[in-house]
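A.B. asks: below is the sequence, then the predicted model.
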Amino acid sequence: MSFRPPLTGQVDALITDDYLDSLLAARERRAADVPSVAELDPDVRFAAAALAEGAARVHPSFRFGERLAARLADAAAGITLARAAGESAAAMAPATAGGPIDLLASGPIGTGLPPIGPLDLLDPARPEDDPGIPRRPLIIGGTLASAALSIAGAAIVAWRHNRAAHAGDRVRLA
Amino acid sequence: MERRLVHLDRDRPLVEAALREPARFDALYRKYLAQVYSYAYYELGDHHDAEDATERTFMLALGALPRFQERARPADGDGASTFRVWLFQIARNVVANVRRTRRRRPEAPLEAAFGIASVHDVETRAWRRAEADEAWAAVSRLPDDRRRALVLRFVDELSTAEIAGVLGRSEGAVRVLIHRGLRAVARDLGPRS
């Protein structure tokens, strides 16, 4: 069933959208004056102004940011090393040895969240009411036998997997 | 009438650099860390869960970067995608996964995420701050799709076109989601006219 709002609702929504563009642009340039939109419901305008007033961006702690940057750097270095080793897409073909590996099985340090299937999470069409965590682990080749992959290692494996899977159809950025 | 607001991906040079040299992904990470973290925090209302979702989002993005396809020309229609939209698609899925997981265990009220909204703005008058907090508390009670659209619009300042890409809906549908969300918040705040 497609989502088809009534025409009047669409017009009201368009007016609101135009107002929000003005409101958020004014906030960005720290201007006190926001263009008035006569057609806009004053209650909606007030609600939007209240939300804009309180919509502070929350920054993570410096410690967390730098720790994650270091992990990403480690993963990036691993990707670069794997490339330098000259691993070809052929080497990534599924082999018979080795068991299924959940790419994020180990999870981040200090959290109790269960593993997730990362490639499913990359699907933009994935329904938001998807009933749950993927139950089938992703199988990535047979060269990796340990199920205790680090999260940085998971990024490397995903990179290699994606390069192999999409080498043929990836659009090269000009 | 549909308007396309996203025609060029301003992150293209950074994405190309990261594809050539993965260590250059750091620039994309630092550019979007606060946005992704804010989105996760407003959605989850807990710093630890937000950190976890942020970490997973960027690790997944780094690993899957060769899979990213820029589709940001008008001819690409509703499927237009920039790196930012793609990153928030991943974040949306990661956050949704965390929320599903949390349904099985006690959950902190999302209002907790909004109490800090204007703490740092010392010039804001107290009554306005109270109304802002009240408005965001009302957002936390909205259905998932309306709440998510409002957070992306007000906190992360994504355009309607970008939110459409993140949520997998048309721009018209996103505008209606936001408008209805605002009307619901307005009802909670009480009549002003």
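C.D. replies: Yep, that arrived. Numbers count the residues shown, from 1 in each chain, chains lettered A, B, ... in the order given.
A.B. asks: give the next helix or strand downstream of the helix or strand encompassing residue B:58.
C.D. replies: Here residue B:58, judged by DSSP states H and E, is contained in helix B:47-64. Following helix B:47-64 in sequence order, the next helix or strand is helix B:83-102 (DSSP H and E).
A.B. asks: helices or strands up against that following helix?
C.D. replies: Packing partners of helix B:83-102 (3 or more CB pairs under 8 Å, 6 or more residues apart in numbering or on different chains; DSSP states H and E): helix A:118-121, helix B:12-20, helix B:25-44, helix B:47-64, helix B:160-167. Just so you know, the C-beta spots here come from the backbone N, C-alpha and C atoms, and that holds for glycine as well.
A.B. asks: want to try CSV for those helices, with mean neighbour count as columns?
C.D. replies: Listed next are the helices and strands packed on helix B:83-102 as CSV, based on neighbours: other CB atoms under 10 Å in any protein chain shown:
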stretch, mean neighbour count
helix A:118-121, 21
helix B:12-20, 16
helix B:25-44, 22
helix B:47-64, 25
helix B:160-167, 24
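A.B. asks: and of those helices, who's closest to residue B:71?
C.D. replies: With CB to CB as the criterion, residue B:71 lies closest to helix B:160-167 of these, at 9.2 Å.
A.B. asks: show me what whichever helix or strand comes after that closest one is packed against.
C.D. replies: As assigned by DSSP H and E, the chain's next helix or strand after helix B:160-167 is helix B:171-189. Helix B:171-189 sits against helix A:7-28, helix A:42-54, helix B:126-140, helix B:144-154, helix B:160-167, with contacts defined as 3+ CB pairs under 8 Å, 6+ apart.
A.B. asks: looking at those, which is nearest to residue B:23?
C.D. replies: Among those, helix B:160-167 sits nearest to residue B:23 (CB to CB), with 27.1 Å.
A.B. asks: from the chain's centroid, how far away is stretch B:51-63?
C.D. replies: Distance of stretch B:51-63 from its chain centroid, counting by CA atoms, centre = their mean, to the nearest Å, is 15 Å.
A.B. asks: just to revisit the earlier point, and the helix holding residue B:58, what other elements does it pack with?
C.D. replies: Helix B:47-64 is packed against helix A:62-84, helix A:118-121, helix A:151-166, helix B:25-44, helix B:83-102, with contacts defined by 3+ CB pairs under 8 Å, 6+ apart.
A.B. asks: could you tell me the least trusted of the ones you listed?
C.D. replies: With a mean of 52, helix A:118-121 has the lowest mean pLDDT of the helices and strands packed on helix B:47-64.
A.B. asks: so where's the chain uncertain?
C.D. replies: Chain wasn't specified; assuming chain A. Applying pLDDT under 70 to chain A flags residues A:1-8, A:30-36, A:87-174.
A.B. asks: not what I meant, chain B
C.D. replies: For chain B, the stretches with pLDDT under 70 are B:1-8, B:72-81, B:103-127, B:192-193.
A.B. asks: name the residue closest to the centre of it, please.
C.D. replies: Taking CA atoms, centre = their mean, the centroid of chain B lies closest to residue B:152, which sits 3.6 Å from it.
A.B. asks: distance of that residue relative to chain A?
C.D. replies: Taking CB to the nearest CB, to the nearest Å as the measure, residue B:152 falls 11 Å from chain A.
A.B. asks: now do the helix holding residue B:58: distance to the chain's middle.
C.D. replies: The chain centre lies 14 Å from the centre of helix B:47-64; the measure is CA atoms, centre = their mean.
A.B. asks: how many other residues sit next to the residue nearest to residue B:15 when sequence neighbours are not counted?
C.D. replies: Spatial nearest neighbour of residue B:15, chain neighbours left out: residue B:83 (5.3 Å); criterion: CB to CB, 6 or more residues apart in numbering or on different chains. Using other CB atoms under 10 Å in any protein chain shown, residue B:83 has 22 neighbouring residues.
A.B. asks: what's the distance between residue B:83 and residue B:12?
C.D. replies: Per CB to CB, to the nearest Å, residue B:83 is found 8 Å from residue B:12.
A.B. asks: find residues that contact each of the two.
C.D. replies: Common contacts of residue B:83 and residue B:12, defined by CB atoms under 8 Å, 6 or more residues apart in numbering or on different chains, comprise residue B:70.
A.B. asks: quick revisit: between the helix holding residue B:58 and helix B:25-44, how big is the angle?
C.D. replies: Orientation of helix B:47-64 against helix B:25-44 (axes from the mean of the first three to the mean of the last three CA atoms, to 10 degrees) gives an angle of 140 degrees.
A.B. asks: on that earlier part again, now render the helices and strands packed on helix B:83-102 as a markdown table, adding distance to residue B:189.
C.D. replies: Conversion of those to a markdown table gives the following (distance: least, CB to CB, whole Å):
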| stretch | distance to residue B:189 |
| --- | --- |
| helix A:118-121 | 35 |
| helix B:12-20 | 40 |
| helix B:25-44 | 19 |
| helix B:47-64 | 26 |
| helix B:160-167 | 23 |
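A.B. asks: count the neighbours of the spatially closest residue to residue B:180 that is not a sequence neighbour for me.
C.D. replies: Nearest residue to residue B:180, sequence neighbours excluded (CB to CB, 6+ apart): residue B:146, at 6.2 Å. Residue B:146 has 21 neighbours, counted by other CB under 10 Å.
A.B. asks: can you add distance to residue B:184 and give the helices and strands packed on helix B:47-64 back as a markdown table?
C.D. replies: Converted to a markdown table, those look like this (distance: least, CB to CB, whole Å):
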| stretch | distance to residue B:184 |
| --- | --- |
| helix A:62-84 | 33 |
| helix A:118-121 | 29 |
| helix A:151-166 | 38 |
| helix B:25-44 | 17 |
| helix B:83-102 | 20 |
